[in-house]
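A.B. asks: Need coordinates for the following:
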Amino acid sequence: ILNDISHFFNQENVTEIITGCNTTVSIFKNELPSIFHRPVQSLFDNTRQYYKENNYTILSTENSSKNQLFTHFLSNKNVITEEIACENLAYLIETNQIVNAKELLIKKARQASHKNIILGCTHYPLILDEVLPELPEVNWINPAKFLSRNTTTNNVNKPQITFYTSGSESRFQQQINQYLKLSQYKLNGKRHNVPSLVSNPSLV
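C.D. replies: Numbering: from 1, shown residues only. Coordinates of the predicted model:
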């Protein structure tokens with residue numbers, strides 16, 4: 001599959017990649033640049049300095065947890081870490097099962113030994129607003145915010161945003177409108193203009 005994606009990137013003349021999938025990074029680690037034949041930036045590049053607490057609990061996918069992705073990343077900072085796998089949480093968010101996703105995230109967060117909780121999958125922050133009232137004592141950490149300070153695309157004032165999905169276009173479009181609230185974008189080559197007042201789908 002990654003080779004197919006690499007071929008697609010070649011067709012689109014992609015020069016740089018920023019991956020938001022920690023699970024992919026946990027499995028392939030340093031192999032991604034050689035697979036894609038171009039630089040690949042992850043949420044871990046040049047962001048270690050922003051982790052300033054003495055202990056962290058990481059909520060992540062099963063593969064990221066099994067491979068101790070964040071523990072290895074923070075290993076030279078002399079901090080205490082624990083990683084908790086959140087089985088199927090990313091799937092629940094992808095399929096808009098927000099009530100079940102919220103309950104699972106709260107359940108896993110309550111198992112944490114530390115109040116500093118890293119959302120170790122880029123899906124998880126999408127439902128953070130649903131969880132905040134239930135766990136006000138938690139210091140939630142979204143690694144993507146650290147990466148945004150280091151992105152190499154700062155020179156682009158108004159980038160054209162294009163999404164590609166191999167799944168349901170209608171479901172993906174719903175998620176774009178629900179979470180990102182973009183006014184204009186392309187999805188699988190088709191342009192979408194969203195009215196300034198968007199009735200976002202209900203969280204169900």
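A.B. asks: Quick one: the strands in the chain, in order.
C.D. replies: Taking DSSP state E to define them, one finds strands in the chain at 17-18, 40-41, 55-60, 80-85, 116-119, 139-141, 162-163, 184-187, 190-193.
A.B. asks: what residue ranges in the chain score low on pLDDT?
C.D. replies: For the chain, the stretches flagged by pLDDT under 70 are 148-158, 194-204.
A.B. asks: remind me, longest helix of it?
C.D. replies: helix 98-110 (DSSP state H).
A.B. asks: okay, it in CSV with CA atoms only?
C.D. replies: What follows is the C-alpha trace of helix 98-110 in CSV, where atoms were taken according to Å, rounded to 0.1, in the frame of the first residue of the first chain:
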residue,chain,number,x,y,z
ILE,A,98,-19.0,10.1,19.0
VAL,A,99,-20.9,9.0,22.1
ASN,A,100,-19.1,5.7,22.2
ALA,A,101,-15.8,7.4,21.3
LYS,A,102,-16.2,9.9,24.1
GLU,A,103,-17.0,7.2,26.7
LEU,A,104,-14.0,5.1,25.6
LEU,A,105,-11.6,8.1,25.8
ILE,A,106,-12.9,9.1,29.2
LYS,A,107,-12.6,5.5,30.4
LYS,A,108,-8.9,5.3,29.3
ALA,A,109,-8.1,8.7,30.6
ARG,A,110,-9.3,7.6,34.1
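A.B. asks: circling back to that earlier point, can you list the strands of the chain in JSON lines and add mean neighbour count?
C.D. replies: For glycine as for every other residue, the C-beta is placed from the backbone atoms N, C-alpha and C. Putting the strands of the chain into JSON lines (neighbours: other C-beta atoms under 10 Å) gives the following:
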{"stretch": "strand 17-18", "mean neighbour count": "16"}
{"stretch": "strand 40-41", "mean neighbour count": "19"}
{"stretch": "strand 55-60", "mean neighbour count": "24"}
{"stretch": "strand 80-85", "mean neighbour count": "17"}
{"stretch": "strand 116-119", "mean neighbour count": "22"}
{"stretch": "strand 139-141", "mean neighbour count": "16"}
{"stretch": "strand 162-163", "mean neighbour count": "15"}
{"stretch": "strand 184-187", "mean neighbour count": "15"}
{"stretch": "strand 190-193", "mean neighbour count": "10"}
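A.B. asks: need the ones you listed in TSV with distance to Leu126, can you?
C.D. replies: Rendered in TSV, the data for the strands of the chain read as follows (distance: least, C-beta to C-beta, whole Å):
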stretch	distance to Leu126
strand 17-18	18
strand 40-41	21
strand 55-60	13
strand 80-85	19
strand 116-119	9
strand 139-141	13
strand 162-163	15
strand 184-187	17
strand 190-193	19
